[in-house]
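Q: got a sequence here, can you build the structure:
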Amino acid sequence: MTARSSKSGYHTVTPFLLCHRVAEVIEFLSTAFDAHEIARIVGDRGEVLHAEVQLGDSKILMGEPDPKIKRLKATAAHHYVFVSDIQASYQRALIAGGTSFSKPVGLASVPCVIRAGTSGGSDARSLSRPLCSRDGTRRS
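A: Presented below is the predicted three-dimensional model:
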């Protein structure tokens, strides 16, 4: 059975991204989605071993893979980011260096979702079609 996290501010499931160039990912999330960095632990080679950001009511943990541990590799992942202004968020994400796979179709005044994910495990700056229709209803 699951339980609430005993650590304040964390959900039962909290994502950990294993990706390259974590410092750039944090900058992207900050610029595109107004995320705030909470913690960063840097290794001897300048790599980010562990970082935490607050994005809305959620925390995202991340770190760079250790080349000495072959089984731990950067892996593609996709996450849903709920935003209140889809057009403005989309534009900020593009300005921040995001790659668009399709243009948003949601209305600016309707809360929608942007799918943000790692692209082949390289970073978390790929964007795909928001998950709402023109009238703001969820679409599959």
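
Q: buried residues, the longest helix that the chain contains. List them.
A: Determined from DSSP state H, the single longest helix within the chain is helix 22-33. Going by neighbour count (16 or more other C-beta atoms under 10 Å), the buried part of helix 22-33 is 22, 24-29, 32-33. (Each C-beta comes from the backbone N, C-alpha and C, glycine too.)

Q: quick check, distance from that helix to the centre of its chain.
A: Here helix 22-33 is found 8 Å from its chain centre; the criterion is C-alpha atoms, centre = their mean, to the nearest Å.

Q: which residues are in contact with it?
A: Residues outside helix 22-33 that contact it (C-beta atoms under 8 Å, 6 or more residues apart in numbering): 17, 19, 35-37, 40, 47-48, 51, 53, 55-56, 60, 62-64, 81, 83, 89, 92-93, 95-98, 116, 123-125.

Q: next up, phi/psi of Glu37, please.
A: Main-chain torsions, Glu37, degrees, to the nearest 10: phi -70, psi 130.

Q: right, and it touches Val48 too?
A: No. Contact criterion C-beta atoms under 8 Å: Glu37 and Val48 do not qualify, at 10.6 Å.

Q: more neighbours: these two, which one.
A: Val48 (20 against 14; other C-beta atoms under 10 Å).

Q: separation between the more buried one and Ala35?
A: 15 Å (C-beta to C-beta, to the nearest Å).
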